[in-house]
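Participant: pasting a predicted model and its sequence here:
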Amino acid sequence: MSWIDRIFSKNTSSSSRKANVPEGVWTKCTSCEQVLYREELKRHLEVCPKCGHHMRIDARERLLCLLDQDSIQELAPGLEPKDILKFKDLKKYKDRITAAQKDTGEKDALIAFYGTLYNMPVVAAASNFSFMGGLWAPWWARNS
């Protein structure tokens with residue numbers, strides 16, 4: 001190995017070590033592919049400050065951004081889907097519901113809040129597409 005190879009190998013080996021950065025601190029814009037600080041993206045309501053691209057946000061976060069912060073009250077937070085028909089195709093419906101609940105952290109696809117919007121009382125609801133494609137059942141109409 002020549003003396004120049006030894007110098008370059010020392011420089012490249014030390015800089016090739018991976019930095020110890022906690023998971024979730026940085027994210028990449030899906031449009032311009034710029035690396036963004038996660039907290040800055042949150043301050044911009046999930047809009048890329050570099051190119052203006054709107055990132056996907058879930059239903060709960062969207063409603064929390066929409067309503068006045070001091071007035072929010074969730075409607076029917078414990079309401080869960082029921083498999084009345086005992087439906088089964090490739091997987092049991094109950095297993096699909098359990099998997100969707102685990103993946104999203106939500107009990108159902110529909111999330112509803114009572115609150116105010118510019119000091120006017122409103123009820124706002126949003127469907128979470130990440131929960132089985134936003135599927136929600138008619139029990140919401142009966143039980144809310």
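Facilitator: Now that the structure is in, tell me what you want to look at. Numbers count the residues shown, from 1 in each chain.
Participant: in stretch 123-135, what counts as buried?
Facilitator: Ala124, Ala126, Asn128, Ser130, Phe131, Met132, Leu135 (16 or more other Cβ atoms under 10 Å). The C-beta positions use only the backbone N, C-alpha and C, and glycine is treated the same way.
Participant: if I look at the spatially most central residue of the chain, how far off is Lys86?
Facilitator: By Cα atoms, centre = their mean, the chain has its centre lying nearest to Asp58, at 4.6 Å. Applying Cβ to Cβ, to the nearest Å, the value for Asp58 to Lys86 is 29 Å.
Participant: and the chain, what are its domains?
Facilitator: Domain assignment of the chain by automatic domain parsing yields the ranges 1-56, 58-144.
Participant: could the ones you listed go into TSV alongside mean pLDDT?
Facilitator: Below are the domains of the chain laid out as TSV (pLDDT from 0 to 100):
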stretch	mean pLDDT
domain 1-56	82
domain 58-144	86
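Participant: doesn't Val122 lie inside a strand?
Facilitator: Yes: according to DSSP: H, G, I helix; E, B strand; the rest coil, Val122 belongs to a strand.
Participant: help me confirm that it comes into contact with Leu67.
Facilitator: Yes: with contacts counted by Cβ atoms under 8 Å, Val122 reaches Leu67, the gap being 7.3 Å.
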